[in-house]
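**Q** Predicted model follows, preceded by the sequence.
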Amino acid sequence: MKYHTLLIPTLKDAPAEAELVSHKLLVRAGFVRKLSAGIYSFLPLGWRTLRKVEAIIRAEMDAAGAQEVLLPLTHPAEIWQQSGRWYQYGAELLRFKDRKGGDFCLAPTHEEAITTLVRDNVRSYRELPMNLYQIQFKFRDEPRPRGGLLRCREFIMKDAYSFDADAAGARRSYQAMYAAYTRMFTRMGFRFRVVQADTGNIGGDLSHEFQALADTGEDSMLACTACDWAANVEKADVPKAPDATPPTPAEALAKVHTPNVRTVDEVAAFLKVDATRVVKTLLLNADGKPVAAMVRGDHDLNLVKLNKLVGAKELDLAEAAMVEAVTHAPVGFAGPVGLGDNVPVYVDQWVASMSDFVIGANVGDHHYVHAALGRDFRATAVADLRVATTADPCPSCGAALKEYRGIELGHIFYLSTKYSKPMQANFLDADGKTIPIEMGCYGIGVSRILPSIIEQSSDERGIIWPIAIAPFEVVVMGLQSDVPEVVAAADALYEGLKARGLDVLYDDRDERAGVKFADNDLIGVPFQVVVGKKGLAEGKIELKRRATGEKELVPVEQAVEHVIRLVQEEHARFRP
């Protein structure tokens, strides 16, 4: 394809709202443009790259025995009401009425639609197993879309759903998708880890995330340094706390004056105690109602674990107004004593193991010392509520853990009968008995593949695409558009490479050499073929690898075969 025929409006400056290098580069290089908050248009380069990603996904899904379908984006409320998620989902589910007053939503995911399709068309065990997938737009009304394509409201997703006659078959389908995802992300050129994960709103009891390793990732993972255990910190369990039934401290609860002391470190320093003897009481907003959670001062609250007990549609740290209304004190002095029966108090197991600790007094500039669970306040429930850290041992083998940051690429779930039972997606077994179908669910954020790879693969000049998903494999640049022999040689190389099946971009613009070098480094095509007057005088062209900056001079008559060989070798590097 010739450069001047493409819509590639490269920009000198990054967009003002860009938070990550990937967003800056995708906009500057002319891959995407923002239409609205969390909603983007894909320009030709961006769409070509997405199609490369989709081709790899389709190849591996088809090889694993899945069949492609296309489901509606607009769903009637009835199917979501049947599954129960119409009432469980919060504001992220965009609901609306049609002209007849019927309730509908824009699908953030398609479990209900696919279950309805299979329920209405599958009758016998002879029709199972089955795996159906689609690549489709979805809409999730994120409250704070950010990171460009990484957290959008409208996005492209590959979602697949397996249907089996029994749990053993469902787990085989799950493992087949696990293997297919491993091949996909290897072919795309990712450095990634597979980790145990929370199932969230999708449901089920078995789940893994495929995480691209990136320091800028919004997810935190822990992985064992000795075995293959790894988990998202939202999912990672922590060791059982010692002394589950602590003795009551000898000294009675006492209120002490702690002027201008709010944080754990400030309280510990003022009272001359270790931070592990201070307990944080955090007030949270659970669907508009206050909830209290208690964790040790050196620990962090895990909202995902807490919400397993609370069961809220939306659970966030309470704003100052709610904290002050509940505690009658400024932020920083909340405690469990005297909160009242209308505020449930959830206590981390490590707090429950303590017998003498410091808590907020629900009075400005005051804390309680010598507090004890059971004597001074009661817990609604005691559970593992804290975030696991590298100070904890591996849950599998006891070895040390290491922390990684990551960007979620894909997520797979074993659903069992979470959707088939309430939606009556049943089949008749060999004995004529009606049984609910066992299901699995497998998603990939297709549009977030682009920024994810850039967070791993870019430099100060721009994007460095792995060859399998690059918009083009090779770019041919003629440096002097007013020199006939340069134009002729560049034309011949472009046509020769294209005739041999390579995906080639021809930079045929009437621009200075410096502009062409800068723009093509920004776009990130893996191989650059440079045709210039000086090199041609010696019978050679210059070949540059975008990833390393390595350059070599190649005789003109050997250039086509040489480039083809290098492209083939580069593809081979990423084959699983």
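**A** That came in fine, so what should we check first?
**Q** hey, let's count contacts and neighbours off CA atoms from now on
**A** OK.
**Q** for stretch 23-43, how far is the first residue from the last?
**A** Criterion Cα to Cα, to the nearest Å; first-to-last residue distance in stretch 23-43 is 14 Å.
**Q** Now do that stretch, average pLDDT.
**A** Per-residue confidence for stretch 23-43 averages out to 94 on the pLDDT scale.
**Q** Skip the chain neighbours and tell me the closest residue to Ala470.
**A** With sequence-adjacent residues excluded and distances taken as Cα to Cα, 6 or more residues apart in numbering, Ala470 is closest to Thr49, at 5.8 Å.
**Q** meant to ask about Lys433
**A** Spatial nearest neighbour of Lys433, chain neighbours left out: Phe427 (8.0 Å); criterion: Cα to Cα, 6+ apart.
**Q** my guess is Ile407 contacts Ala212, does it?
**A** Yes - in terms of Cα atoms under 8 Å, Ile407 counts as a neighbour of Ala212; the distance is 5.0 Å.
**Q** What's the per-residue pLDDT of Asp205 here?
**A** Taken from the predicted model, the pLDDT recorded for Asp205 is 66.
**Q** so what does the helix or strand of the chain with the lowest mean pLDDT touch, helix or strand wise?
**A** Across the helices and strands of the chain, mean pLDDT, DSSP states H and E gives its lowest value to strand 230-232, namely a mean of 88. Using 3 or more Cα pairs under 8 Å, 6 or more residues apart in numbering; DSSP states H and E as the contact definition, the elements that strand 230-232 packs against are strand 192-196, strand 219-224.
**Q** right, and those - which one's nearest Pro466?
**A** Ranking those by distance to Pro466, with Cα to Cα as the measure, places strand 192-196 first at 14.3 Å.
**Q** now that closest one and strand 219-224, what's the angle there?
**A** Here strand 192-196 points in a direction 80 degrees away from that of strand 219-224 (axes from the mean of the first three to the mean of the last three Cα atoms, to 10 degrees).
**Q** show me the contacts for the spatially most central residue of the chain.
**A** The structure's the chain has its C-alpha centroid closest to Glu408; by Cα atoms, centre = their mean the separation is 2.7 Å. With contacts defined as Cα atoms under 8 Å, 6 or more residues apart in numbering, Glu408 is in contact with 209-212, 219.
**Q** how about a cut-off of 6 Å?
**A** 210-211 (Cα atoms under 6 Å, 6 or more residues apart in numbering).
**Q** So in that sheet, which strands flank the helix or strand where it lies, and in what orientation?
**A** With secondary structure defined by DSSP states H and E, Glu408 is part of strand 401-416. On the basis of DSSP bridges, the sheet neighbours of strand 401-416 come out as strand 206-213 (antiparallel), strand 219-224 (antiparallel), strand 438-445 (antiparallel).
**Q** And the second one, how far out from the chain middle?
**A** In terms of Cα atoms, centre = their mean, to the nearest Å, the gap separating the centre of strand 219-224 from the centre of its chain is 14 Å.
**Q** Send me that strand as PDB with only the CA atoms.
**A** Taking C-alpha atoms only, strand 219-224 is exported to PDB below (Å, rounded to 0.1, in the frame of the first residue of the first chain):
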ATOM      1  CA  ASP A 219      -3.100  -5.100  38.000                       C
ATOM      2  CA  SER A 220      -0.700  -6.500  40.600                       C
ATOM      3  CA  MET A 221       0.300 -10.100  40.600                       C
ATOM      4  CA  LEU A 222       2.200 -12.400  43.000                       C
ATOM      5  CA  ALA A 223       4.200 -15.300  41.700                       C
ATOM      6  CA  CYS A 224       6.200 -17.900  43.500                       C
END
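**Q** any weak-confidence spans in the stretch 101-250 of the chain?
**A** Counting by pLDDT under 70, the ranges of the stretch 101-250 of the chain that qualify are 199-205, 243-247.
**Q** Reduced to three states, what does the closest residue to Ile156 other than its chain neighbours come out as?
**A** Leaving aside its chain neighbours, Ile156 sits nearest to Phe137 (4.4 Å; criterion: Cα to Cα, 6+ apart). Judged by DSSP: H, G, I helix; E, B strand; the rest coil, the three-state class of Phe137 is strand.
**Q** Phe155 is in contact with Phe137, correct?
**A** Yes - shown here, Phe137 and Phe155 form a contact pair, counting by Cα atoms under 6 Å, at 5.5 Å.
**Q** quick one: contacts of stretch 64-75?
**A** So stretch 64-75 is contacted by 104-107, 131-134 (Cα under 6 Å, 6+ apart).
**Q** go on, stretch 423-440?
**A** Judged by Cα under 6 Å, 6+ apart, the contacts made with stretch 423-440 from elsewhere in the structure are 82, 119, 123-125, 161-166, 413-417, 420-421.
**Q** circling back to that earlier point, touching the least confident helix or strand of the chain from outside, list them.
**A** Counting contacts by Cα under 6 Å, 6+ apart, the residues touching strand 230-232 from outside are 195-197, 221-223.
**Q** ok, now with 8 Å
**A** The list of residues contacting strand 230-232 from outside it, by Cα under 8 Å, 6+ apart, reads 194-198, 209, 219-224.
**Q** and the residues you listed, which two are the farthest apart?
**A** In those, the most distant members under the criterion Cα to Cα are Asp198 and Cys224, with 18.2 Å between them.
**Q** Neighbour count for these two, which is higher?
**A** Each of Asp198 and Cys224 had its neighbours counted (other Cα atoms under 10 Å), and the higher figure belongs to Asp198 (24 against 21).
**Q** Tell me the secondary structure of the more buried one, please.
**A** Looking at Asp198 with three-state DSSP, the answer is coil.
**Q** That one and Ala269, how far apart?
**A** When Asp198 is compared with Ala269 (using Cα to Cα), they lie 37 Å apart.
**Q** do Ala77 as well
**A** Taking Cα to Cα as the measure, Ala77 and Ala269 are separated by 55 Å.
**Q** So for those two, which residue has more residues nearby?
**A** Using other Cα under 10 Å as the criterion, Ala77 and Ala269 rank with Ala77 on top: 18 against 13.
**Q** Return the residues in contact with the more buried one.
**A** 86, 103-105.
**Q** ok, then the element right after the strand holding Glu408?
**A** Going down the chain from strand 401-416, the next helix or strand is strand 426-428, by DSSP H and E.
**Q** same question for the helix or strand following that following strand, mean pLDDT?
**A** Downstream of strand 426-428, the first helix or strand assigned by DSSP H and E is strand 434-436. Model confidence over strand 434-436, given as mean pLDDT, is 96.
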